[in-house]
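*Asks:* Sequence first, predicted coordinates after that:
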Amino acid sequence: MKNIAEIRADFPILGRSVYDKPLVYFDNGATTQKPQCVIDALTEVYTSYNANIHRGVHYLSDMSSEAYENSREKVRSFINAGKKEEVVFTSGTTGSINGIAFSFGERYIKPGDEIIISHLEHHANIVPWQMMCERKGAVLRVIPVNDEGEIIFEEYLKMLSSKTKLVSVTQVSNALGTVLPVNEIITAAHSVNAPVLIDGAQGIQHGVVDVKIMDCDFYVFSGHKIYGPTGIGILYGKEKWLSELPPFQGGGDMVDKVTFEKTTYNELPFKFEAGTMNFTGAIGLARALDYVMSIGRIDIAIREKYLLSHATERLSAIKDLKIYGNSVRKIPTISFLLKDIHQYDAGMILDKMGIAVRTGTHCAQPVMDRYGIDGTIRASICFYNTREEIDILAGGIEKVISMFA
Ligand code: PMP
């Protein structure tokens, strides 16, 4: 593995300062920074082969189409999907979940059917299902969580029945960092023949994801959270589902034959890719996955475990700091509050020290409601962060506390 100085040198933004202080970036859960190779990939498209994909017969269009399809293959191999046809490009996690919620609802859902999610979900894995339930007269059921921020598995098992038509849960909570037992969730759902969608927005970048071993029916994630560009994401779906589901958008490229009487659809995966796709983003994402592979996913996970343990030790030693989310299975995300100090005030003062943390509900209001709070301060760490940066955060928090004392 490269040493940490070499890794940080790959990300030009990490070398900048804010308010004349070195940037300490702990908002990786919201979006990650980009290595130079990803920035270069986007520049290469625009400077040497930009042309719309799957349309032209000309040289550049062939080049961009090939690069786009090679990117699909790269994603397939990264998540170990069986076939390229099972990998659909979308605008991101939100786009992927909305697409499946719409298509699945149209194809399979009847009044009284049940969809199960968890209390840990991001709004992107709540609202599309609520919209679907409203349209179809279905019922949304929610797996409760305990004080540590873990789902209560026995309650989930009790919810499963022949009425369960789909289970959609996050792999990792963006608000608390909890890693969910997705393998067990999937096995239990399959025992009542319910497919499972896994929201991988916070999972894909912290470990090895193998959709075949996981046996999920759908797996979704966003490029920008795994060091790739914004505006590109993935919807993986088992072929048997994707071939049965109707498309969620109509337009160019997703069709086979169009007449005013009847339109037939393109084959997989193009049936789900309407209009000009973000091919530049797809090419950038593939470069980001190459980068992650070059560092090594196991090495990333080991380094992040070490950073989590140091951060937990430093932050939990601070008097009047309370950590929310204390599962033993966590990614390096620490959500916390300081006694009697509003999270926005703390966040703003930390910002002036050059430390970027997120404050608020993290698009997971129900999680906050579960703990009776209106938000937290969240430090989301990743492999390019350092022990020294964690010490700067701990020192910054001590300073905030002393300012309010
Ligand atoms: N799910 C989870 C768990 C997330 O953390 C996020 C992003 N914070 C999303 C879904 C939505 O991702 P995007 O905004 O990239 O569509």
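*Replies:* Arrived safely.
*Asks:* From here on, just use CA atoms for contacts and neighbour counts.
*Replies:* Fine.
*Asks:* Go ahead and confirm I204 touches G223.
*Replies:* No: taking CA atoms under 8 Å as the definition, I204 is not a contact partner of G223, at 9.6 Å.
*Asks:* the more surrounded of those two?
*Replies:* Neighbours were counted for I204 and for G223 using other CA atoms under 10 Å; G223 has more, 29 against 23.
*Asks:* which parts of the stretch 201-350 of the chain sit against the ligand?
*Replies:* Residues of the stretch 201-350 of the chain lying near the ligand by CA under 6 Å from any ligand atom: A201, Q202, S222.
*Asks:* top of those by neighbour count?
*Replies:* Those, ranked by neighbours (other CA under 10 Å): first place S222, 31 neighbours.
*Asks:* pretty sure that one contacts G233?
*Replies:* Yes: with contact defined as CA under 8 Å, S222 and G233 form a contacting pair (4.2 Å).
*Asks:* what is in contact with these two at once?
*Replies:* Contact criterion CA atoms under 8 Å, 6 or more residues apart in numbering; residues shared by S222 and G233: S91, G92, T93.
*Asks:* Make a markdown table out of these and add secondary structure and pLDDT.
*Replies:* Shown next, in a markdown table, are those (DSSP: H, G, I helix; E, B strand; the rest coil; pLDDT from 0 to 100):
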| residue | secondary structure | pLDDT |
| --- | --- | --- |
| S91 | coil | 98 |
| G92 | coil | 98 |
| T93 | helix | 98 |
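*Asks:* Buried members of those into PyMOL, please.
*Replies:* A single PyMOL command selects the buried members of the shared contacts of S222 and G233 (16 or more other CA atoms under 10 Å):
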select buried, resi 91+92+93
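*Asks:* near the ligand, from the shared contacts of S222 and G233?
*Replies:* Applying CA under 6 Å from any ligand atom to those, those adjacent to the ligand are G92, T93.
*Asks:* just the shared contacts of S222 and G233 now: which is nearest E134?
*Replies:* Proximity of those to E134 (CA to CA) peaks at T93, which lies at 21.4 Å.
*Asks:* list the contacts for that closest one?
*Replies:* A124, D199, G200, A201, V220, F221, S222, G233, I234, L235.
*Asks:* hmm, try it at 7 Å
*Replies:* A201, V220, F221, S222, G233, I234 (CA atoms under 7 Å, 6 or more residues apart in numbering).
*Asks:* Repeat that for A189.
*Replies:* Counted by CA under 7 Å, 6+ apart, A189 has contacts L160, V167, P195, V196.
*Asks:* So Q205 is in contact with I226, correct?
*Replies:* Yes: applying CA atoms under 7 Å, one finds Q205 in contact with I226, separated by 5.2 Å.
*Asks:* Just grab the bridge partners of R378 for me.
*Replies:* S335, R358 (DSSP bridges).
*Asks:* For it, the count of nearby residues, please.
*Replies:* R378: 30 neighbours (other CA under 10 Å).
*Asks:* What of G56?
*Replies:* By other CA under 10 Å, 12 other residues sit near G56.
*Asks:* CA atoms only for the helix or strand harbouring A101 - export them in PDB, please.
*Replies:* For A101, the host element (DSSP states H and E) is helix 93-108. Extracted in PDB, the C-alpha atoms of helix 93-108 (Å, rounded to 0.1, in the frame of the first residue of the first chain):
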ATOM      1  CA  THR A  93     -28.300   6.200  -5.200                       C
ATOM      2  CA  THR A  94     -31.400   8.400  -5.100                       C
ATOM      3  CA  GLY A  95     -32.100   7.900  -8.800                       C
ATOM      4  CA  SER A  96     -31.600   4.200  -8.500                       C
ATOM      5  CA  ILE A  97     -34.000   3.700  -5.500                       C
ATOM      6  CA  ASN A  98     -36.700   6.000  -7.100                       C
ATOM      7  CA  GLY A  99     -36.400   4.000 -10.300                       C
ATOM      8  CA  ILE A 100     -36.900   0.600  -8.600                       C
ATOM      9  CA  ALA A 101     -39.600   1.900  -6.300                       C
ATOM     10  CA  PHE A 102     -41.500   3.100  -9.300                       C
ATOM     11  CA  SER A 103     -41.000   0.100 -11.500                       C
ATOM     12  CA  PHE A 104     -41.500  -2.500  -8.800                       C
ATOM     13  CA  GLY A 105     -44.600  -0.700  -7.600                       C
ATOM     14  CA  GLU A 106     -46.100  -0.700 -11.100                       C
ATOM     15  CA  ARG A 107     -45.300  -4.300 -11.800                       C
ATOM     16  CA  TYR A 108     -46.000  -6.100  -8.500                       C
END
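*Asks:* Quickly run through the sheet partners of whatever helix or strand comes next after that helix, with directions.
*Replies:* Counting by DSSP H and E, the element after helix 93-108 in chain order, helix or strand, is strand 114-118. The sheet places strand 114-118 alongside strand 139-143 (parallel), strand 164-170 (parallel), with pairing taken from DSSP bridges.
*Asks:* could you measure Y49 against M63, distance?
*Replies:* Separation of Y49 from M63 (CA to CA, to the nearest Å): 6 Å.
*Asks:* Same check on P128?
*Replies:* According to CA to CA, P128 and M63 sit 36 Å apart.
*Asks:* Next: I381.
*Replies:* I381 sits 37 Å away from M63, going by CA to CA.
*Asks:* who's more crowded, these two?
*Replies:* With neighbours defined as other CA under 10 Å, I381 and M63 compare such that I381 has more, 25 against 17.
*Asks:* The more buried one and F26 touch, don't they?
*Replies:* Yes: in this structure, I381 is within contact of F26 by CA under 7 Å, at 5.4 Å.
*Asks:* what sits opposite the closest residue in space to M353 that isn't next to it in sequence in the beta ladder?
*Replies:* The shortest distance from M353 to any non-neighbouring residue, by CA to CA, 6 or more residues apart in numbering, is to K21 (6.5 Å). Judged by DSSP bridges, the bridge partners of K21 are V18.
*Asks:* do L321 as well
*Replies:* Taking DSSP bridges as the rule, L321 bridges to L338.
*Asks:* that older thread, got the angle for the helix holding A101 vs strand 164-170?
*Replies:* 180 degrees (axes from the mean of the first three to the mean of the last three CA atoms, to 10 degrees).
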